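Undergrad: Mind looking at a prediction? Sequence and model below.
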Amino acid sequence: MGRQVCIASAGFSEHASKRSDVNMPELVSEAIEDCLKRVPSLEIKDIDAFVNGNMPAFEGSNIPELWMTDWMGARNKPLMRVTTGGTTGGSVAISGYYSVAAGLPEVDTVLAIAFEQQSQGDTSVGLASVAYGEISVMNSLGIPYDQLTLLLSGGAAIGIASYQAVNYMRKSKITEEDLARVVVQNRHNAAKTWWAHLKMPDLTIEDVLDTPYISYPLRYGMVCPASDGACAMLFTTEEKAKDICDIPVYVNGVGSIANETALIGYDGSGSAQLDLSEQLGAQITSDLAFKQAGISFPRKEVDYAEVYSPFPNQELMWVEKLGLFEENTSPEMYKTGITALNGELPINCSGGVNSTNAIGASAMERPAVAALQIMGKASNQVPKTVHTALGHGWGGYVNLITMMVMADEPARKLK
Amino acid sequence: MSKRTLRKSMEYIKKEYIRTRTMPTNWYLSSYKFKFNITHMKPFLEKLKQKKLVGLQCSSCNRIFFPPRLICGKCLVKPDRWVDLRETGKVVSYTVTYLKDPETGEVLERPIVCVQLDGADTSYPAQLDPDIEFRDTYIGMPIKVHWAEDVQGGLMDLEYYDAIEDDSKDLELRKD
C-alpha cells in the first residue's frame, strides 16, 4: 500500500443559478480561497501539484484549466485534468488521493479542484454531447429522430432516475409523499449551509406535491437545480496534515467502479440491468471501499453519509445500496428522523445534490462536506461527533460510482 | 494554529464586481461523424423484414441480447448464436413523459416502457399502444409486439407494444 493520505481542508464557492458577478476562473479561485483559509500556515508555494476537472461540454470551453492556471496558483506546477461526467468531482478527489498515495518525491501536497459554471453554457447540449455518440446508432437503425426524442425524453439523467424511481417505489411500496419528505429534509438543510443553492427553510411536503410532473413520478419540486459553483480539497501526507490542521481526516478507502450502462446500453442494444434500482455497481464499490477502510459493519460504524442524489428516490436507493440501511427500509428512516441533522445517521446535511448541483463539482462536494463534518467545521455541523463518514458520487454514462470513506484515525487492518 | 500566516489573501470582495461582461457565442455540434459496427445487426434486421424476432446469445454466459449487441461485457466474448424469440414480453420499468404537442400546445401524457421480451435477458425502451391510458401501465404488464404496416428492416418495424390479458394470480398485488 502507498502512503497514508489525509484531507487537510476543503472549501466551496458560493453556489447560485447564475453567478454573473464572476467568470469561471474567479469562481474557482473563490473555492480555493475558502479551502486555504482553513489552513492559514500553508503557503501557495507549498502546494506541489494540482488535479482539476469539470464537464467541458456544459460550458463550452474545452481546456479551462489552462485558462485559469494563474487563478489556481498552478503556474509551473504539475497539473492534471480528469473528466468523468457527473462523477467528475469524485474522480478528481480520488486522483488527488492517488497522487499523494503514490509517494512520488516532491509531491506531498495536492490541491484537487472541481468546478462548473452551467449558466455559461447549455446543459442539454452538454448532456446530448455525452450520449449522442451512443444514441445516434439507434437513428441509423431505423428509428426516426422524432421518435428517438420521445423515447429519450424519458431518457437522459432524469429519464434514468424516473425509471429507477418507478422500480424502487414498486419494490419498497412507498408513495410520492415519501419522496417529497426527502426533498423537504434536503432543502431545510440547505437553508443552513452558506454555499448551497436552493435554500427553502419553509418548504412543506404539500408544496412539493403541488408542482407538476416532469416525468412520472418525479415533479418539478423534487429535482435538482443547475448551479454555478466550485469545490476544492487539499490532500496531503499524514505528517504534513498534522502540522497544518487541527483534525486531519484520514482517507481510508476509495472506489470508482462502472457497471453496465442502464437503459440505452452499448450501441442501443438495451441493458441487462432489468431492475434499474438494483445498482450492482454501487454495491461492489461500497464493498471495496469499506474493505479498504477496515469497516465490517457500515451500518454501525459510519456516522455520517453524503450521497449523490439529484432526485429523492436515488437518495433512498443509495443509502441502502451503500450498505447503510437494510433493503427497503430507508423511507422509514426518513420518516422517523434517523437521517435528520440530530439523528443517529445524518445524511446530506449540506442539502445534497438535490439542493445544489454544479455538475462537475457535485461529486466532490460530497466527500468535502463529509471531511468537514469530521473536522467539525462544516457549515451545517451535526451535533454528534463524527468519526467515520463517506462521500459518494454517481454519473459517468449514468453507470459510474465513486466513493470515498474517511475517518479521524487510520484504517484498521482487516485480517 | 501557532504559525503566523504568511500567505496573503486575495481578499475577494464580491461587492467590487457586480457583473461580468457576457459574450454570446455558439458551438456547432452538427459536423461529427460517429462510427458504429452494424455487422452484428444485419441478420437481426433481415429477420425483422420477415416479421420474426431473433436475439443474440453469448456462448459463455448464455445471456440472450435483444436487440443484439457486439460484445458481452460480462465475459468479454462476442455473442455468436442466434436464438428465436417470441413476440410476447413484459414491462420491466416505465415512466410517463409529458410532451407538448407542437401543433395544439396540448400536453400529451405518454407512457414509455422498458420491454423485456420473453426469452431475452435484456430490456430496451419502447412505446406502448397509444390507446393505453398511462395510469394502466404497471411493472410486469404482459405485452405483445405490434408490427408496422410495411416492415422495412429497422427497429421501427416494432412500432409499439399492445397490452395482452394478464391472467396471473397476484395481479391485484402487482398492480399495487
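TA: Received it, and whenever you're ready, just let me know what you need.
Undergrad: which strands and helices sit next to the longest strand along chain B?
TA: Longest strand in chain B by number of residues (criterion: DSSP state E): strand B:88-100. In this structure, strand B:88-100 makes packing contacts with helix A:145-153, helix A:156-172, strand A:213-216, strand B:107-117, strand B:142-147, judged by 3 or more C-beta pairs under 8 Å, 6 or more residues apart in numbering or on different chains; DSSP states H and E. All C-beta atoms are positioned from the backbone trio N, CA, C, and that covers glycine.
Undergrad: how about the strands in chain B?
TA: B:53-57, B:64-65, B:81-85, B:88-100, B:107-117, B:124-127, B:142-147, B:158-163.
Undergrad: Can you lay out those as JSON lines showing mean pLDDT and mean neighbour count?
TA: Shown next, in JSON lines, are the strands of chain B (pLDDT from 0 to 100; neighbours: other C-beta atoms under 10 Å in any protein chain shown):
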{"stretch": "strand B:53-57", "mean pLDDT": "92", "mean neighbour count": "22"}
{"stretch": "strand B:64-65", "mean pLDDT": "91", "mean neighbour count": "24"}
{"stretch": "strand B:81-85", "mean pLDDT": "93", "mean neighbour count": "14"}
{"stretch": "strand B:88-100", "mean pLDDT": "86", "mean neighbour count": "21"}
{"stretch": "strand B:107-117", "mean pLDDT": "86", "mean neighbour count": "21"}
{"stretch": "strand B:124-127", "mean pLDDT": "85", "mean neighbour count": "22"}
{"stretch": "strand B:142-147", "mean pLDDT": "92", "mean neighbour count": "17"}
{"stretch": "strand B:158-163", "mean pLDDT": "89", "mean neighbour count": "19"}
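Undergrad: Any chance of JSON lines for these, columns distance to residue A:384?
TA: Shown next, in JSON lines, are the strands of chain B (distance: least, C-beta to C-beta, whole Å):
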{"stretch": "strand B:53-57", "distance to residue A:384": "53"}
{"stretch": "strand B:64-65", "distance to residue A:384": "49"}
{"stretch": "strand B:81-85", "distance to residue A:384": "55"}
{"stretch": "strand B:88-100", "distance to residue A:384": "38"}
{"stretch": "strand B:107-117", "distance to residue A:384": "42"}
{"stretch": "strand B:124-127", "distance to residue A:384": "44"}
{"stretch": "strand B:142-147", "distance to residue A:384": "51"}
{"stretch": "strand B:158-163", "distance to residue A:384": "52"}
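Undergrad: List just the one of those that sits closest to residue A:338.
TA: Distance to residue A:338, taken as C-beta to C-beta, is lowest for strand B:88-100 among the strands of chain B, at 28.9 Å.
Undergrad: Give the pairing partners of the closest one; include direction for each.
TA: According to DSSP bridges, strand B:88-100 forms sheet pairs with strand A:213-216 (antiparallel), strand B:107-117 (antiparallel), strand B:142-147 (antiparallel).
Undergrad: Run through the bridge partners of the spatially most central residue of chain B.
TA: The geometric centre of chain B, computed from its C-alpha atoms, lies nearest to residue B:125 (C-alpha atoms, centre = their mean), at 3.3 Å. On the basis of DSSP bridges, residue B:125 is bridged to residue B:114.
Undergrad: Give me the contact list for stretch A:197-209.
TA: Stretch A:197-209 has contacts (C-beta atoms under 8 Å, 6 or more residues apart in numbering or on different chains) with A:15-17, A:176-177, A:180-181, A:183-184, A:187-188, A:190-191, A:193, A:219, A:221-222, A:225, A:227, A:229, A:351, A:354-357.
Undergrad: For ChimeraX, what selects the buried ones among these?
TA: Isolation of the buried members of the contacts of stretch A:197-209 (16 or more other C-beta atoms under 10 Å in any protein chain shown) is achieved in ChimeraX through the command below:
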select /A:15,16,176,180,181,183,184,187,188,190,191,193,219,221,222,225,227,229,351,354,355,356,357
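Undergrad: among the contacts of stretch A:197-209, which are in strands?
TA: Counting by DSSP E, the members of the contacts of stretch A:197-209 that fall within strands are A:219, A:229.
Undergrad: Redo the strands paired with strand B:88-100 as TSV? Include distance to residue B:159.
TA: Conversion of the strands paired with strand B:88-100 to TSV gives the following (distance: least, C-beta to C-beta, whole Å):
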stretch	distance to residue B:159
strand A:213-216	22
strand B:107-117	13
strand B:142-147	5
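Undergrad: what stretches of chain B score poorly on pLDDT?
TA: Judged against pLDDT under 70, the low-scoring parts of chain B cover residues B:1-18, B:28-30, B:169-176.
Undergrad: Run a quick check on the residue nearest to the centre of chain B versus residue B:113, I expect a contact.
TA: Yes. Residue B:125 lies in contact with residue B:113 (C-beta atoms under 8 Å); the separation is 7.3 Å.
Undergrad: In which helix or strand does the spatially most central residue of chain A reside?
TA: With the centre of chain A defined as its mean C-alpha position, the nearest residue by C-alpha atoms, centre = their mean is residue A:363, 2.2 Å away. Assigned by DSSP states H and E, residue A:363 falls within helix A:359-375.
Undergrad: Which is the succeeding secondary structure element to that helix?
TA: The first helix or strand that comes after helix A:359-375 along the chain, using DSSP H and E, is strand A:388-395.
Undergrad: Let me know the angle separating that following strand from helix A:359-375.
TA: When axes from the mean of the first three to the mean of the last three C-alpha atoms, to 10 degrees is applied, the directions of strand A:388-395 and helix A:359-375 differ by 170 degrees.
Undergrad: Using CSV, write down the CA coordinates of stretch B:147-155.
TA: These are the backbone C-alpha positions of stretch B:147-155, laid out as CSV (Å, rounded to 0.1, in the frame of the first residue of the first chain):
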residue,chain,number,x,y,z
TRP,B,147,-45.8,-4.8,-36.2
ALA,B,148,-45.7,-1.7,-38.5
GLU,B,149,-47.8,-2.0,-41.7
ASP,B,150,-44.9,-2.1,-44.1
VAL,B,151,-41.8,-3.6,-42.5
GLN,B,152,-38.5,-2.2,-43.8
GLY,B,153,-35.9,-3.9,-41.7
GLY,B,154,-35.4,-1.3,-39.0
LEU,B,155,-36.1,-1.0,-35.3
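Undergrad: Does residue A:367 touch residue A:307 like I think?
TA: No. If you go by C-beta under 8 Å, residue A:367 and residue A:307 don't touch, sitting 11.1 Å apart.
Undergrad: Show me which of the two is the more surrounded one.
TA: Residue environment comparison for residue A:367 versus residue A:307 gives the larger neighbour count to residue A:367, 34 against 25, counting by other C-beta atoms under 10 Å in any protein chain shown.
Undergrad: how about that one, what does it touch?
TA: Under the criterion of C-beta under 8 Å, 6+ apart, the contact list for residue A:367 reads A:7, A:10, A:90, A:93, A:233, A:306, A:390, A:391, A:404, A:406.
Undergrad: The second one touches residue A:374, doesn't it?
TA: This points to residue A:10. No. Residue A:10 lies out of contact with residue A:374 (C-beta under 8 Å); the separation is 10.4 Å.
Undergrad: hmm, back to that, the residue nearest to the centre of chain A touches residue A:393, doesn't it?
TA: Yes. The pair residue A:363 and residue A:393 passes the contact test of C-beta under 8 Å, sitting 3.0 Å apart.
Undergrad: Overlap of the contact sets of those two?
TA: Residues touching both residue A:363 and residue A:393 by C-beta under 8 Å, 6+ apart: A:86, A:87, A:89, A:90, A:91, A:308, A:402.
Undergrad: Narrow the residues you listed to those in strands?
TA: Among these, DSSP E puts residue A:402 in strands.
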